[in-house]
Structures are given as structure tokens and as C-alpha cells.
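Q: Pasting the sequence and the predicted coordinates here, then a few questions.
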Amino acid sequence: MKNIELPIPHNEAERLAALKRYNILDTLPDTAFDDATKLVSYICGVPIAHISFIDESRQWFKSEVGIGVSEVPREISFCQYTIMDTKMVEIQDTLLNDRFKDDANVTGGFKVRFYAGIPLTTPDGYNIGTLCAIDHVTKELNENQKNALSIVAKHVINQLELTTKNIELNTQKKIAQRAVLAKDSFLANMSHEIRTPLNAIIGFTDLLSQTKLDSTQRDYIDSVQIAGENLLLIINDILDLSKIESGNLNIDAQPFNLKKTLKHVYNLLKVKVPADVEFNLFLDAELPETVIGDQGRLNQILVNLTGNSLKFTQEGEVTVSVKKVDETEDHYSLRFSVKDTGIGIPEDKLNTIFERFTQAEESTTRRFGGTGLGLSIVKQLIELQDSEIHVKSKPGRGSEFFFVLTYKKADHIETENETLQKEDLGKLKILLCEDNALNQKLAKNVIHNFGFELDIAENGQEGIDLLSKNQYDLVLMDLQMPVKDGYQTTEYIRNEMNLNIPIIAMTAHSLVGEQERCYDVGMDAYVPKPFKQAMLLETIKTVLNKDIKHSVKRKVNLSFLDEISGGNPDFKQEMIDLFIQKIPNEVAQLEEAFSTNNTDAVKKLTHNMKSSFDIFMLEDLSNYLSVIEKEANAGEFTTESADRMNILHCGITEVVKILKEL
Amino acid sequence: MKIVLSEDNEILRKSLSFFLTSKGFSVDQFSDGQEALEAIKQNSYDLILTDINMPGISGMEITQYVRKNISPDIPIIIFTSSGVEQTELDSFDIGANEFIAKPISPAVLLIRINKLLNIRL
């Protein structure tokens, strides 16, 4: 009996591959299979039942009743024969069966007298395992029991298929989610990259339009301006959307003048109103003057919705109305509505208009233009403010979009700053420190347009020389310059020359923390390049109008430490001491690793230091670490990172100083 | 309740340990992954808190080892400052129960711990 050749199915390799596909071997118990096994034992009235799978060397029990082991060697299993078959194998009395009557598990072991096994066959026809009923006494299954067994076997296979499909689905889902993320970050990066040169195009077109032009040239320039601004709008839309999707868009909570904002939107869009359309702004008499919320986003929502209404309305009216619907002790709820008598939206399209790249009409994009992103952004901006947008519409009659936003009440009434007119500034004498010829030219033109005088220094040192010879009202300071950069120059002006002349920083890359560093060395304001004329003028007005200079000092925020220590002063002090003792050292190590281009050490140090910085809530410095870590991972440091290391060093020196004084 | 905390940043480790102790947990802290794992092998903990990047072995390896060789259901919370999404996916793939991105909010950490421990009660 022992020298009987063991049965191996003709398609053994494929069969094993099929089994592997299900990843079922050595998995944890599963109720679905346990239930099926119990069912087999009930149906057949047997004390032993199991669902098992057979691999190269063993029979592994996924689920069993009355066996008590998790696997047996394949060569002693009855089921190695069952998987050779296509239908059920029933041995009513093993003692009468030539193959089994001397088997160790018949004469002893499990004492198998009755055996019924049905192969578990995959949809593509491989017998990967068995479903069995076993008894210690002889037995004969009736037709119903046999049928029931085949049905249970089919269910077991279905269960396997389902689990496998679910795992596959999950994997696909993860891949899809990753793809969406990749796409969003691609969009964000691309929009940023496109925006930078576009700003230069718009800036120079702006300047060009202010020169003497003949009517054809004027016409061309107007077209370039309109196209440029439209392109910028589209890119801003895309950037917004990707920011929303990646959760990077924050809603501001700043006091703002509500009525002024609404009037501003009205005035902005008034110029776009078609001849036969009446454009109204209705404000509730009870509307609060000032509220706390996100002015910019409200602006964006209303401009978008109203812009849409105006676009789709040929005659009749477009009305923006705002009503107070509720007021609590500290909140106002305001209902904003934009209503038009335009082409309207068919009912079946109402649900999809808020989806991206969808407009109510296929042809709308061509007829009316637009990216199809506007409404999607509006919807998400409103949802970010914990509200939702509603729409009512009838084709041919018009549409109404409305939403209710809740704003916090402002404690104090905003004091209105009289805006300075350009004339009030008189003829200012300005010093520009800037090494790039193109930027010099742009700034020169802009400043002359304002009616101011301008001297140009090629670098910081030259600027200092000019400052000591002449009288100036203001300095415009580029940050990256040869000989003496903007930071060094400012420090020199403030500390050596002891001048408190207003200094405005100008820089191309608006990095997090850079602004802070500008303030730290004593600059008064900050304009990102390429600057807009209006913004520059506004900044000049602000710094000249500033009576009291409040320099922005770093504040160390210990609230996280408070929370984690439950306010325990001893523990807090211990952590502060630890910070003072460790971090300057680590910064020094980091500087060393950075200067020797040791990316591995930089990686480890930045990664570890981030946790320390987070506890002291040094968010800006922590961000620098992340950027440096990322570059270390990529194996190459950019020149900006040398600046970052610098800022990091200064920042930590300052933090340590503050912590020591506590 | 006994928690094992493995984190190599001293300030963070001490802070978390202090915080959790003040909330009534007993905390064993380690700055080296290998030492943490040895402790896990020898003691029975109610919950494992681990950073990913550590000297010795990583939090991922600890998680894998625990799931494979010690217990399929002891709650494991992984935290890391890596902003890479794959890290989070991997953490769950190898059997972590929670994934918390640094900076860790103590309140959030506490809620997750309680949630994991309650589920087991």
C-alpha cells in the first residue's frame, strides 16, 4: 500500500498557480468559511467537516470542525485523490475500499470510516481544494445531501472569487487615488510655472500700453492685455482647484467691510453688463457693516456667479442680493443670491453643472467661453465655509444661485483708513538696489509713471554709498545681489548708518519665511516680483504712512508644549532646556553636513530635527527643514537652500535667545 | 494600560511619554527600534506607538514583525513626518491600525489610542 504512486493532477503547475492567485493559504480564520463548514456538518450529520486547499506538499485547512490541526502532509490526505476527480467522491465504508482499508487514518488516526469530498473548482477549471464530510461510522448520503454539498462548494468558490476581486478593486482604487494626487500636484506646479512668465508679460504690456501708440498698436495691445488677463484667470482657477483638492486652501477669518466688498464686486462687473440688461445690487438695510470671514473668497464666489449670470443673460436683469436671515449673539447668517433672466439650465443638467469641465450645454464652451471650472470652484469654496450652494432654474426664464454663509461678528468697528492719493506723496526720491538690467528698466518705468525720482544702485554696497551721499525718501531692495545682498545691506543701513528710512524688499521667489527674515533684518515691507504697479504704489503709501514702526519679532509659541505637559511648569522647563542644549548643536552639525554635501547626514538630521521644531511650533523653520530634507533625498541642494540654512541658523539663534530669557 | 513608545527624537519622545503618563498610561520608551522590539517580545503591551525612521530597525519592521510573529490584533499606531502618501498606504498594508502624521496633536493621539483600546474591550 505504501509504495502506491501518489496522484498528481496532469495540470498540477497551473493548478498551483490558480491556488496562489487567491492568496488564501495561511490566512486567518474567516466566518464565511467557518459557517460553510458547519453547514456541511449539519447537512450530512457528520462530526468532521472541512474546507481545505492542497498545495505542493500539504493539505491546509481553511476551516474545520472536529479535526483540530491546521494542516496535514499531502501524501497522507484522502483529498489528494478527490482533486483528481471532477465530481464528488463518496466512500461509504473505507474498510471496504481497496485503496483506503489499510490507511493509517482508517485503522487509527482520525478513524475515517465514511468520506465524502467534493473538489473546489475554480471558474477556469482547477481543483484547488476540497470540501469534505467525514464520519467514524459508515454512511450513505442521499441525493439532497449530495446536491447541498455541491451548492456549498460553489458558494465557497464564489466567496474566494469575491474576496480576490475586492482586493483587486482596492488596489485599483489606491492606484486611482494616487493618480489623482499626482495630477493635482502636476496642475499646481504647472500653473505656478506658467504664472511667473505670464506676470512678466502682463507687467510689460501694462507699461507698453502707457506709451505713445497709434490706434492700430493700441488695438493690438488691448487684445494682448485682455488675452493675458483671461489666461491668468484660467490659470488661477486651475491653481485654486488643485489647492482645494489637495486640502491646501484655507479660509481666512479676518474682519472686512461687507458692504464695501459687495459694492466692489458690483463696480467691477458693471463694465461687463450688456446693453439690454439691468444690473442691480440689493442690500438688506439690516446688513452688518463689518464681519469676520474670508473677504477674498466671498469676492471670488460672487464675481464668478455674477460673471456667469451676465454671460448667459442677453436681456432682462441680473440681481445680486444679500439678506440677513439669522443673528445670534456672535454670528450673522447671510443669504447671498445671484438671480438672472438668462438662458436658464435644463432640469437634467442641474446636478452636473457643478462638476468640473461641465457646462450646461455642450456648445456652451464654444459660445460663451470659460474653463468650466468656475462653478466647481464656487461650490467647493462655499463648502469650505461649511455651507452649500443651491440653484433654481428654468430654461428660457433664468436662474438663481444662492447660499447662506455664517460670519462671526466683529468685536470692534473697523476704523477706516483714508486712502492716500498719489498726489499726496509729492515728488518722492527713491533708491533702487537691483542688479538685473531688465528689472531695473521695469522698475524705472513704473516709478517714473508714478511721478517719482529714481536712482539705481547695481548692488548693496553701491546703494550704501549713494545713501550716504544723497537724501532719499525710500529704498526698494532686491534680495539677491552681488557684493552685498539685500539682507546685509539692510542690516548695514539699520545698524551702522542708523537710518530708519523705509525699505521695501522685492523678490522673485516668495518663499515661506523669507518675508519674516526681511522684517527681521529691519525692512518695512515686502513686494513679490514681478510686482504689479498698483501693489507697489500701495506698499509705498503704506510704509510712508506708517507712524509707528512695529517690527515683526519672532514669537515662540509654547501652546503645544502646554497642551502636552498639561501645564506642568517643571516638565516644560525640562523640555526648553533640552531644546537649548541640543538644537544649536544639531544646527551646527546640519550646517557642516550641508556644506560638505553629505546628503545622508542632512537627511537624518533634518528629519529628526523636524519633530523638535514642531513641539515648539516653529512652523516656518520646520518647513525649511522639509525642503532641505526633500533636496537631500533627491541628492542635490539648490542654491536657495544655502539661504534656507542661513535663515534656519538665524531663526534658531533667535528662538534660543527668547527661550533663555523666559 | 501599558504602552510601548519608540521614537528617536528625545524631545518628542519625552513629551509624548509625559503626556500619556499624565493620562494614566504606563509608558515604556525607547529611542532605538531594535530595543523597542525586544521589549515587545518580552512584555505584553496593550498598544504600540512607533515612529518610522529610527536607529536599529524601523517602525515598519517592528509592525511587520509583530503582525507576523506576535499578535494579529495588538493595536499599532505609526507616526511619521514623511509627507509621502505611499508611507501611509504601506503602514496600513503591513497591518498598522492607525497612522498619524507629524506634528502629532496630543488630543488626536489620545482619542485614537482610546478608540483602539475601547474597540478591544
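A: Yep, it's here.
Q: from here on, contacts and neighbour counts on C-alpha atoms
A: OK.
Q: ok, which residues in chain A are in contact with chain B?
A: Counting by Cα under 8 Å from any Cα of the partner chain, the residues of chain A lying close to chain B are A:561, A:563-566, A:575, A:578-579, A:607-612, A:614-615.
Q: got the buried residues for stretch A:395-406?
A: Of all the residues in stretch A:395-406, those buried under the rule 16 or more other Cα atoms under 10 Å in any protein chain shown are A:398, A:399, A:400, A:401, A:402, A:403, A:404, A:405, A:406.
Q: The last one and residue A:332 touch, don't they?
A: Pointing back at residue A:406 there. Yes - contact criterion Cα atoms under 8 Å: residue A:406 and residue A:332 qualify, at 5.6 Å.
Q: Which single residue of chain A ends up nearest chain B?
A: Taking Cα to the nearest Cα, chain B has its nearest neighbour within chain A at residue A:564, 5.2 Å off.
Q: Next one: that residue from residue A:576, what distance?
A: 13 Å (Cα to Cα, to the nearest Å).
Q: next one: residue A:176
A: Applying Cα to Cα to residue A:176 and residue A:576 gives a distance of 45 Å.
Q: higher neighbour count, those two?
A: Comparing residue A:176 with residue A:576 by neighbour count (other Cα atoms under 10 Å in any protein chain shown), the higher total belongs to residue A:576, at 20 against 12.
Q: Doesn't that one belong to a strand?
A: No - applying DSSP: H, G, I helix; E, B strand; the rest coil, one finds residue A:576 to be helix, outside a strand.
Q: so where's chain B shaky on pLDDT?
A: B:83, B:119-121 (pLDDT under 70).
Q: Which parts of chain B are helices?
A: Along chain B, counting by DSSP state H, helices occupy B:10-22, B:33-42, B:59-65, B:85-93, B:106-120.
Q: ok, the residue in chain B positioned nearest to chain A - how many residues close by?
A: Ranked by Cα to the nearest Cα, the top residue of chain B for proximity to chain A is residue B:19, at 5.2 Å. Using other Cα under 10 Å, the number of residues around residue B:19 comes to 21.
Q: And it, how close does it get to residue B:55?
A: Look at residue B:19 and residue B:55: by Cα to Cα, they are 23 Å apart.
Q: Equivalent analysis for residue A:219, please.
A: From residue A:219 across to residue B:55, the span is 67 Å (Cα to Cα).
Q: What of residue A:585?
A: Taking Cα to Cα, one finds residue A:585 at 19 Å from residue B:55.
Q: How about residue A:315?
A: Note on residue A:315: its distance to residue B:55, by Cα to Cα, is 72 Å.
Q: rewinding a little: report the contact partners of the residue of chain B closest to chain A.
A: Listed by Cα atoms under 8 Å, 6 or more residues apart in numbering or on different chains, the contact set of residue B:19 reads A:564, A:565, A:566, B:106.
Q: just residue A:219 next, same as before
A: Contacts of residue A:219 by Cα under 8 Å, 6+ apart: none found.
Q: again with residue B:26
A: Per Cα under 8 Å, 6+ apart, neighbours of residue B:26: B:1, B:2, B:3, B:20.
Q: Make sure the third one is actually in contact with residue B:44.
A: Meaning residue B:3. No - counting by Cα under 8 Å, residue B:3 sits too far from residue B:44 to count as a contact (9.3 Å).
Q: Report the buried members of the contacts of residue B:19.
A: By neighbour count, with 16+ other Cα under 10 Å, these hold A:564, A:565, B:106 as buried.
Q: Now render these as a markdown table, adding distance to residue A:640.
A: Shown next, in a markdown table, are those (distance: Cα to Cα, whole Å):
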| residue | distance to residue A:640 |
| --- | --- |
| A:564 | 35 |
| A:565 | 37 |
| B:106 | 34 |
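Q: So in terms of bridging, what pairs with the most centrally placed residue in chain B?
A: Nearest to the mean C-alpha position of chain B, by Cα atoms, centre = their mean, lies residue B:49 at 1.3 Å. Beta-bridge partners for residue B:49, by DSSP bridges, are residue B:5, residue B:77.
Q: Might you report the residue contacts of it?
A: Here residue B:49 is in contact with B:3, B:4, B:5, B:6, B:76, B:77, B:78, B:79 (criterion: Cα under 8 Å, 6+ apart).
Q: most neighbours, which of those?
A: Most neighbours among the contacts of residue B:49, by other Cα under 10 Å: residue B:6, with 28 neighbours.
Q: surely that one meets residue B:38?
A: No - with contact defined as Cα under 8 Å, residue B:6 does not reach residue B:38; the gap is 11.5 Å.
Q: Looking at the helices of chain B, which one is packed in the most?
A: Each of these was scored by mean neighbour count; the highest is helix B:59-65, a mean of 21, by mean count of other Cα atoms under 10 Å in any protein chain shown.
Q: measure stretch A:557-575 end to end?
A: Stretch A:557-575 has an end-to-end distance of 14 Å (criterion: Cα to Cα).
Q: Thank you kindly, that will do.
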